[in-house]
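Undergrad: Quick one: sequence plus predicted model below, questions after.
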Amino acid sequence: MNTKNIFQKIIKKKISAEIIYQDKKITAFNDISPRAPIHIIIIPNNFIKNINYIDKKNLNILSYMMYKSIKIAKNKKIHKSGYRIVINCNKNGGQTIPYLHIHLLGGKKLQNF
Ligand code: 5GP
């Protein structure tokens, strides 16, 4: 299975993941290898390879992903203690899955960088 397909299969529920939110546009699920007590991945249901492929035409989906990430942070009650939103891009950015995704991390004091 190629790595892009992992996230596509999670959306279609062909491989198991702890999906915590899904609607017509996005899917959010727990990271399989969490780096914080809360580590949720938020992806668009329609494939976008990485943030370089965001343009004027599809900008709405990125703002919707951000909006829903904030909503999830509030639902998980980490909004007051704080959290981090990360988008890795390509090799130097540390992107291992070539499918646009937001990392939502919280539940502990994260290291500064
Ligand atoms: P990246 O390194 O591309 O920014 O992030 C990819 C993330 O996807 C990693 O944090 C990794 O742990 C997570 N991940 C990779 N494969 C799976 C999987 O099969 N299921 C889930 N739930 N997360 C995955």
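TA: Looks like it came in fine. Numbering: from 1, shown residues only.

Undergrad: Neighbours of the nearest residue to residue 54 once chain neighbours are set aside, how many?
TA: In this structure, residue 54 finds its nearest non-sequential neighbour in residue 62, 5.2 Å apart by CB to CB, 6 or more residues apart in numbering. C-beta here means a position set from N, CA and C on the backbone, and glycine is covered the same way. For residue 62, the count of nearby residues is 16 (other CB atoms under 10 Å).

Undergrad: In three-state terms, how would residue 62 be classified?
TA: Secondary structure for residue 62, judged by DSSP: H, G, I helix; E, B strand; the rest coil, is helix.

Undergrad: Need the per-residue pLDDT for it.
TA: Note on residue 62: pLDDT of 98.

Undergrad: And for residue 1?
TA: pLDDT at residue 1 comes out at 57.

Undergrad: Relative to the ligand, how far out is the residue nearest to residue 54?
TA: Distance of residue 62 to the ligand, given as CB to the nearest ligand atom, to the nearest Å: 15 Å.

Undergrad: mind exporting stretch 95-106 as CSV, just the C-alpha atoms?
TA: Provided in CSV are the C-alpha atoms of stretch 95-106 (Å, rounded to 0.1, in the frame of the first residue of the first chain):
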residue,chain,number,x,y,z
GLN,A,95,6.2,15.2,5.8
THR,A,96,6.1,11.4,5.6
ILE,A,97,2.6,10.9,4.3
PRO,A,98,2.1,12.7,0.9
TYR,A,99,-1.5,13.7,1.7
LEU,A,100,-2.2,17.2,3.2
HIS,A,101,-2.9,17.0,6.9
ILE,A,102,-2.9,19.1,10.0
HIS,A,103,-1.4,17.8,13.3
LEU,A,104,-3.3,19.0,16.4
LEU,A,105,-1.1,18.4,19.4
GLY,A,106,-1.9,19.2,23.1
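
Undergrad: Counting by contacts, list what the lengthiest strand in the chain packs against.
TA: Looking across the chain with DSSP state E, the single longest strand is strand 38-44. Helices and strands touching strand 38-44, by 3 or more CB pairs under 8 Å, 6 or more residues apart in numbering; DSSP states H and E, are helix 3-11, strand 26-30, helix 59-75, strand 102-106.
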